[in-house]
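>>> how would this look folded up:
(one chain, ligands or ions: 1)
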Amino acid sequence: MSALAISAPSWAPMSPLDLHEVSRLADLIHPDYPETIEVLAEKLVLYPAGCFVLENDDGSLAGYALSHPWRLGAPPKLNQLMGGLPARTDTFYIHDIALDETARGFGAARRIVDAIAGHARREGFASLSLTAISAARDYWRRTGFAEHTDPAIVAALKDYDADAILMVHDLL
Ligand SMILES: CC(C)(COP(=O)(O)OP(=O)(O)OC[C@H]1O[C@@H](n2cnc3c(N)ncnc32)[C@H](O)[C@@H]1OP(=O)(O)O)[C@@H](O)C(=O)NCCC(=O)NCCS
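Just a heads-up that it's a prediction; the model follows:
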């Protein structure tokens, strides 16, 4: 009797060659939050150390993660070029982690959040932060993020959805 080989997809650094597939996955997973490939590509150019792809054994992609240093309380707007990273940054911002349905529920998101948190700590950041769409808010709570309730940021978040909130995970 032969053993059944089951292997989980694994995270790898994103390359420019991945961008078309990342964009296709983003359109598929986030139809209500469309972003152009140029907006996704800029994040890879500005901070490649924060961009990852989840690779299946056959080289196809099952997900991606985009993150970069930023300013707490002023999250980048959806589908807009950032034009560069701020001169002074004080939080490590997770723009998006998205997996196709076949890759969910195996801890892949948790593994990349832990890796990003480790990188952010080594770089001296005191927090991770992200804009949580309503459907993922409970997931982020379970992963150690808490709501940041600053009324000044509410307007900036309306581009995501009426319920989007800024969530912060202390690293200290
Ligand atoms: C949210 C997401 C990244 C989680 O990825 P994942 O690899 O399945 O998550 P993990 O395996 O690390 O964690 C799974 C656990 O979280 C729970 N979970 C997953 N998605 C959840 C959600 N949206 N809300 C609440 N809990 C959720 C699972 O039930 C599971 O619980 P268990 O450990 O008790 O069984 C993935 O579901 C996804 O890509 N969703 C669509 C895109 C998205 O919303 N991204 C976030 C943008 S802000």
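
>>> scan this protein for its longest helix.
With secondary structure taken from DSSP state H, the chain has its longest helix at helix 108-122.

>>> contacts for that one, please.
Under the criterion CB atoms under 8 Å, 6 or more residues apart in numbering, residues 8-9, 11, 49-50, 52, 54, 62-63, 65, 67, 92, 94, 97, 99, 127-128, 139, 143, 169, 171 lie in contact with helix 108-122. Bear in mind the C-beta positions are built from the backbone N, C-alpha and C, glycine included.

>>> right, is it up against the ligand?
Yes. On the criterion CB under 6 Å from any ligand atom, helix 108-122 is in touch with the ligand at 108-110.

>>> which of the contacts of helix 108-122 are buried?
Judged by neighbour count, with 16 or more other CB atoms under 10 Å as the criterion, the buried members of these are 9, 11, 50, 52, 54, 62-63, 65, 67, 92, 94, 97, 99, 127-128, 143, 169, 171.

>>> of these, which ones also sit close to the ligand?
The residues of the buried ones among the contacts of helix 108-122 that also fall near the ligand, by CB under 6 Å from any ligand atom, are 97, 99.

>>> the chain against the ligand: which residues are in contact?
Taking CB under 6 Å from any ligand atom as the measure of proximity, the chain contacts the ligand at 29, 96-99, 104-110, 132-133, 135-136, 138-139, 142.

>>> filter the residues you listed down to just the ones in strands.
Cross-referencing the residues of the chain next to the ligand against strands under DSSP state E gives 96-99, 132.

>>> any chance of these in a markdown table, with pLDDT too?
Formatted as a markdown table, the entries for those read as follows, by pLDDT from 0 to 100:
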| residue | pLDDT |
| --- | --- |
| Asp96 | 97 |
| Ile97 | 98 |
| Ala98 | 97 |
| Leu99 | 98 |
| Ala132 | 91 |
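
>>> could you work out the most separated pair of the residues you listed?
Set against one another by CB to CB, these have their most distant pair in Leu99 and Ala132, with a gap of 15.8 Å.

>>> any weak-confidence spans in the chain?
The chain contains residues with pLDDT under 70 at 1-7, 155-156, 159-161.

>>> what about the closest residue to Thr143 other than its chain neighbours, neighbour count?
Closest residue to Thr143 in three dimensions, ignoring its sequence neighbours and counting by CB to CB, 6 or more residues apart in numbering: Val113, at 5.8 Å. Val113 is flanked by 22 other residues according to other CB atoms under 10 Å.

>>> likewise for Arg122?
Using other CB under 10 Å, the number of residues around Arg122 comes to 8.

>>> quick one: the strands in this structure, in order.
For the chain, strands defined by DSSP E occupy the ranges 10-13, 51-55, 61-70, 91-99, 127-132, 146-147, 165-170.
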